[in-house]
Every structure is written in structure tokens, then in C-alpha cells.
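Enquirer: no FASTA, just this:
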């Protein structure tokens, strides 16, 4: 079996196959759901649908790019850590009646981990009795309804389906009118035995400047956090991405180990790395991946090339930590903002981890210490990361 297709150690075969299938499947040309459009608007009021209009079609107001029909359960990346939450979402989507357990599902995670995709997947499978709304778009509709005196119509329409999906609810912070409408809508849905699914960038207790009654409603149901998969799962994601030029597995593995916060950014770094290789007419390298990582983070500094493969032991009198810090300072001199400094430390640690895996000094406890320092640097605590490097020699 080739290195490209061989399972990565520690990844269950079933999970690996699901990852590959999810990333390679495309919606069929036949049998795909019809395009989603808002219900017919009122006469002279294009912003607000009639209060008595049945929800024959979904509102598609997510403010996102991409084709909603591609956002299905089959194309959602099924990381093993999110399996329980995926099962609940599929149960809600498959229900013939309003979901009873739970009536409210609150999904949260940092950006780029698939919250919007999951809500679209529920809507696409559920069908005609669902409203999918991005709260930013709802705020715009409410502003127009306030000017035109049609807020009651908008409120009635918002609760006209059997399942209400609210995307990015954290964007209602500081908007008391919108929060009041959302509180009323969620209360109506739950009190009548219908379902609500909410997505946000933080758990209910992490939301700020939101009415206590709305927070109480949002925290009254089931709460689930989406998380990034393991580095081996992330590697499988990258192996299945269509890149403009082939990228060696060692480079993909380096990207998978470096990007652990966002599926969107993970793929973007791989694509940028492949494009750099294509533009320069050279095979993709780990140095290109580091450069792509900085560029995707908004800090396009040049990363000096590093030798590939095994490296020699540190020179006499210069331990592992000093060699790593020398590399950090080499990159730090190019930095022009605090974000670049933080990324320089991550790159230096990452490089040393990769080098020790193939060269001397790669004892498990040393690698574990370096990974702990890398985790601290990614969380923004550079001081603690540098302190963690001290005992490593």
C-alpha cells in the first residue's frame, strides 16, 4: 500500500473511510432539493413575508458564500469527537414531527468548524417545514420592518415553521430589539412543542450583552461543542482535498500538525502551499507550508528555507532549547506585528518537532514537552510556552 493511501497510525479505518467519503462526495445532479427562496413577500413590502404564508419553502438567508445544496450530512467532515452531536442533528433532521428530544439544540465552536454547514445539512434533509436564518440577515429584515411598521408580520412568519434554525446568534449582542424578537420567537416555538437549533461562536454562558431571559431560553436545551479532529484525521482531510499540484504527505502532515483550529483554514493553507509550489515550479516543501500559514493568518513574512529530513544533534554547549530559540529569533527579526511574533514561535517549535521525529534527541518525553509548548503558544500564552521549553535542555 502506498504512503498516500495507507492509514495514518492511530486513526480507525472506519473513521478514515468516512472522512474520505465525506470530502469526495458531491451532491447528485438529480434528486437534489429545489433552490431555497424566501416565501412570497407582501404587496408593497418586499422585506417581510405575509404572516399567514405557509412555510412552503425555506428562507435561505445565511449571508455565506458557497452553494447551500453542497452543505449536506454526506459532505460534512465527520470527526470522531463530534459523532454524538452529529447523531442528534441527524435525528432532528429525520424527524417527521417536531423534535421532542431535544426541543432546543445549541451548537457552538470557534469559526470554521462546520456550524453553518451542520445547520444547512439539517435544513436540506428536513425539507419544507424549516426556516434557516442567519441572525445578521434577520437584523436587517427587522430594521426594514421597523421602518414599515410590519414587525408583527415578521415575528409571525419567523415562528411559522415546525423547526427554526438560527445561525450566528452571538451577532445579536447589543441589539435589544433583535434580542426581544428572538426571545419571543424561541419561546413561542418551545412552548408549542416545536424545535429550535441555534449556532454560536461561544456557549450560552459565554455570550455577552444579551437579555437574561433570552440566555435562559438558549441554555434550557441540549448544548454541544464542535471540536477539531485529531492531527491524523486532519491529515485525511487534506489527502482528500483537490490541490492544483501534488503535495507530499510529509508536507500535508506538517500542515495538519500546525493548523488545529479551523477546517476552513486547514484547507486554505494546503491550497496556498500547492499554489506556491506551482508558481515557483518546485515541489511543495514544509517551508512553503509555513509561509502559507503566515499568509493565511494575515502576516505575510518570508520564512527562510529549512533543510529537510534528519538534522544533526545540537552543537556542543547549545542544547535543544537554545537551537529552537535561535530559530525563533531568526524569524522574530522579520516580524512586523505581535501576531507575526506569535506565529514565529509556533513555526520554530513545529520545525523542531518535525526534525526530532527523524533525527537524534526525539525521545517521547521531549516531543511531548515540545507539543505542550506548541499548544500554549497557539492559545496565545507565549510566556508560558517559553517557560515550558526551559526544562527540555
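Expert: Received, thanks. The structure presented is a predicted model; accordingly, all values stated were derived computationally and were not measured.
Enquirer: the longest helix in this protein is where?
Expert: helix 338-358 (DSSP state H).
Enquirer: Okay, buried residues for the helix or strand following that one please.
Expert: Following helix 338-358 in sequence order, the next helix or strand is helix 364-378 (DSSP states H and E). Going by neighbour count (16 or more other Cβ atoms under 10 Å), the buried part of helix 364-378 is 366, 367, 369, 370, 371, 372, 373, 374, 375, 376, 377, 378. Just so you know, the C-beta spots here come from the backbone N, C-alpha and C atoms, and that holds for glycine as well.
Enquirer: before we move on, the earlier item: buried residues, the longest helix of the chain. List them.
Expert: Neighbour-count burial for helix 338-358 flags 340-356 (criterion: 16+ other Cβ under 10 Å).
Enquirer: and if you look at stretch 278-290?
Expert: Quick answer for stretch 278-290 (16+ other Cβ under 10 Å): 284, 285, 286, 287, 288, 289, 290.
Enquirer: Also stretch 121-128?
Expert: 121, 122, 123, 124, 125, 126.
Enquirer: among the residues you listed, which one has the lowest pLDDT?
Expert: Within the set of the buried residues of stretch 121-128, pLDDT is lowest for residue 126 (84).
Enquirer: What segments of the stretch 151-300 of the chain are helices?
Expert: 151-158, 176-191, 212-218, 231-240, 249-258, 263-280, 286-296 (DSSP state H, counting those that start in this stretch).
Enquirer: In TSV: the buried residues of helix 364-378, plus distance to residue 140 and pLDDT.
Expert: Below are the buried residues of helix 364-378 laid out as TSV (distance: Cβ to Cβ, whole Å; pLDDT from 0 to 100):
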residue	distance to residue 140	pLDDT
366	54	77
367	50	75
369	50	80
370	48	81
371	45	79
372	45	81
373	45	82
374	41	79
375	40	77
376	41	79
377	39	77
378	35	73
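Enquirer: Among these, which one lies nearest to residue 106?
Expert: residue 378 (25.8 Å; Cβ to Cβ).
Enquirer: Surely that closest one is in contact with residue 346?
Expert: Yes. Counting by Cβ atoms under 8 Å, residue 346 is a contact partner of residue 378 at 6.2 Å.
Enquirer: before we move on, the earlier item: with pLDDT as new columns, can the buried residues of stretch 278-290 be given to me in a markdown table?
Expert: Output for the buried residues of stretch 278-290, formatted as a markdown table (pLDDT from 0 to 100):
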| residue | pLDDT |
| --- | --- |
| 284 | 93 |
| 285 | 90 |
| 286 | 87 |
| 287 | 84 |
| 288 | 87 |
| 289 | 88 |
| 290 | 83 |
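Enquirer: Save the residues you listed as JSON lines, and put in distance to residue 140 too.
Expert: Below are the buried residues of stretch 278-290 laid out as JSON lines (distance: Cβ to Cβ, whole Å):
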{"residue": "284", "distance to residue 140": "42"}
{"residue": "285", "distance to residue 140": "46"}
{"residue": "286", "distance to residue 140": "45"}
{"residue": "287", "distance to residue 140": "45"}
{"residue": "288", "distance to residue 140": "41"}
{"residue": "289", "distance to residue 140": "39"}
{"residue": "290", "distance to residue 140": "40"}
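Enquirer: what's the closest of these to residue 107?
Expert: Set against residue 107, the nearest of the buried residues of stretch 278-290 by Cβ to Cβ is residue 289 (30.7 Å).
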